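>>> coords please:
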Amino acid sequence: MAKLGKRTRAAREAFVGKEGLTVEEAVALIKGNSKTKFDETVEIAMNLGIDPRHADQMVRGVVGLPNGTGKNVRVAVFARGAKADEAKAAGADIVGAEDLMEIVQGGKIDFDRCIATPDMMPVVGRLGKVLGPRNLMPNPKVGTVTMDVAAAVKAAKGGEVQFKAEKGGVVHAGVGKASFDEAKLVENIRAFVGAVAKAKPTGAKGSYMKKIALSSTMGPGVTVSVDNAASE
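A predicted model of the protein is given here:
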């Protein structure tokens, strides 16, 4: 077994016996033990009582975090003509059509969010096997297939977070940086939990939100009270 460093060992010891905390307590614990040289991301993982293999139990959606993510989100837009110009003016990092498709097919994916106008979907559809596994495929349900590309780009840049249940019914996302004020992290976390709660599918049976855990990029995780996290 690998020998743990002093920082890792101290962090784990600080988390021992801590579970079912309030969001405020968990955030304070995570911030107090974030000792890395970079600004860690605070991450949330939610274990849901669903089976995403069934269409009526899939959970996906989008939420605008009130205090942003603290991350510089690179946005790619598939558009032509005036819509391409609108995307560039709104701050899109990469804009193109067939030329962008060829770049992505070549394995270069230098973006975190992908947006497309409806007329570009026949082109983007060819990239399903590349973008799909990375959760980057544009989808009208989360506002990334739209004619209002300017609004979509600004939302992505402004702290909008997409979520989708993975195998096992787990939803996870970054909800801010360890450098954020505690109150801002708490507000972001509750906004994310609230959005997942509203996305409860019709086919969900029994307990929907089974477990919620918070952690920093390099730190241990801690469970929080589902009732507390879901409260306003």
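
>>> what pairs with the residue positioned nearest the centre of the chain across the strands?
When C-alpha atoms, centre = their mean is applied to the chain, the residue found nearest the centroid is Ala173 (3.6 Å). According to DSSP bridges, Ile44 are recorded as the beta-bridge partners of Ala173.

>>> right, and it touches Gly159 too?
No. Under the criterion of C-beta atoms under 8 Å, Ala173 is not in contact with Gly159, lying 11.5 Å apart. In this view, the C-beta of every residue, glycine as well, is placed from N, C-alpha and C.

>>> what's stretch 93-106 in contact with?
Defining contact as C-beta atoms under 8 Å, 6 or more residues apart in numbering, one finds that stretch 93-106 is touched by 74-80, 84, 87-88, 110-111, 120, 123-124, 126-127, 130-131.

>>> what's the end-to-end length of it?
As for stretch 93-106, its first-to-last residue distance stands at 18 Å under the measure C-alpha to C-alpha, to the nearest Å.

>>> could you pull up the mean pLDDT of stretch 167-187?
With pLDDT averaged residue by residue, stretch 167-187 scores 95.

>>> scratch that, stretch 104-111
pLDDT averaged over stretch 104-111 equals 94, rounded to a whole number.

>>> to the chain's geometric centre, what's the distance from it?
Offset of stretch 104-111 from its chain centre (C-alpha atoms, centre = their mean, to the nearest Å): 20 Å.

>>> and what of stretch 148-162?
Relative to the chain's own centre, stretch 148-162 is displaced by 13 Å; criterion: C-alpha atoms, centre = their mean.

>>> can you mark which positions in that stretch are buried?
149-150, 152-153, 155-157, 159-162 (16 or more other C-beta atoms under 10 Å).

>>> which of these lies closest to Val224?
Closest to Val224 out of the buried residues of stretch 148-162 is Val161 (18.0 Å), distances taken as C-beta to C-beta.

>>> just the pLDDT at the closest one, thanks.
pLDDT at Val161 comes out at 93.

>>> picking that back up, now the contacts of stretch 93-106: which count as buried?
In terms of neighbour count (16+ other C-beta under 10 Å), the buried residues within the contacts of stretch 93-106 are 75-79, 84, 87-88, 111, 120, 123-124, 127, 130-131.

>>> could I get the average pLDDT for stretch 65-84?
96.

>>> and it, how far out from the chain middle?
In terms of C-alpha atoms, centre = their mean, the centre of stretch 65-84 is found 14 Å from the chain centre.

>>> start and end of it, how far apart?
Using C-alpha to C-alpha, the distance between the terminal residues of stretch 65-84 is 26 Å.

>>> of the buried residues of stretch 148-162, closest to Leu185?
Of all the buried residues of stretch 148-162, the one with the least separation from Leu185 (C-beta to C-beta) is Gly159, at 12.7 Å.

>>> and that closest one, what does it touch?
Taking C-beta under 8 Å, 6+ apart as the contact definition, Gly159 lies against 64-69.

>>> could you find the closest non-adjacent residue to it?
Distances taken as C-beta to C-beta, 6 or more residues apart in numbering place Gly68 nearest to Gly159, at 3.3 Å, with adjacent residues excluded.

>>> okay, and the one you found sits in which element?
Under the assignment given by DSSP states H and E, Gly68 is not contained in any helix or strand.

>>> surely it meets Lys157?
No. With contacts counted by C-beta under 8 Å, Gly68 stays clear of Lys157, the gap being 9.2 Å.

>>> ramachandran angles for Arg74?
When read as degrees, to the nearest 10, the backbone of Arg74 gives phi -90, psi 130.
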